[in-house]
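Colleague: Sequence first, then the predicted structure, then my questions.
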Amino acid sequence: MSGGTDGAGRAGERQEVAVTPRTCAGTGVCAFYAPGTFELDEKGKVRLVAERGEDPAEDSAEDVRNAAEACPTRSIRLSFPVER
Ligand code: SF4
């Protein structure tokens with residue numbers, strides 16, 4: 001059998017990421033797990049790196065998911081668009 005799946009990660013699928021700075025507590029946990037995707041702004045609130053006009057970097061889908069799951073205030077939402 002070929003083409004193993006890693007079960008946990010969904011690398012290769014586009015996942016959409018949204019953040020809610022209003023509820024962010026500024027812990028920086030998300031930026032620790034996925035520094036290419038999340039950062040803190042001048043006020044210490046979460047911001048997407050992409051919003052600053054930079055390409056989101058090399059974080060794997062699993063890294064981004066770990067960041068979302070680790071957020072203590074649930075300020076990160078992920079969604080997987082259905083393409084069928
Ligand atoms: S992990 Fe959550 S609370 Fe902490 S900085 Fe990121 S979005 Fe904000």
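Modeller: That came through fine.
Colleague: Now look at stretch 74-84 and say if it contacts the ligand.
Modeller: Yes - Stretch 74-84 reaches the ligand (CB under 6 Å from any ligand atom) through 75, 76. Where you see a C-beta, it was placed from the backbone N, CA and C, and this is true even at glycine.
Colleague: Which residues belonging to that stretch are considered buried?
Modeller: For stretch 74-84, a neighbour-count test (16 or more other CB atoms under 10 Å) marks 75, 76 as buried.
Colleague: any idea of the mean pLDDT in that stretch?
Modeller: The pLDDT scores in stretch 74-84 average 83.
Colleague: likewise stretch 36-56?
Modeller: Mean pLDDT, stretch 36-56: 89.
Colleague: The protein: helices as residue ranges?
Modeller: Taking DSSP state H, the helices of the chain run over residues 29-33, 61-70.
Colleague: can you list those in CSV and add distance to residue 77, mean neighbour count and mean pLDDT?
Modeller: Putting the helices of the chain into CSV (distance: least, CB to CB, whole Å; neighbours: other CB atoms under 10 Å; pLDDT from 0 to 100) gives the following:
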stretch, distance to residue 77, mean neighbour count, mean pLDDT
helix 29-33, 12, 19, 97
helix 61-70, 7, 19, 95
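Colleague: Now residue 71: closest residue in space that isn't a chain neighbour?
Modeller: Counting by CB to CB, 6 or more residues apart in numbering, residue 30 is the residue found nearest to residue 71 once chain neighbours are left out, at 5.7 Å.
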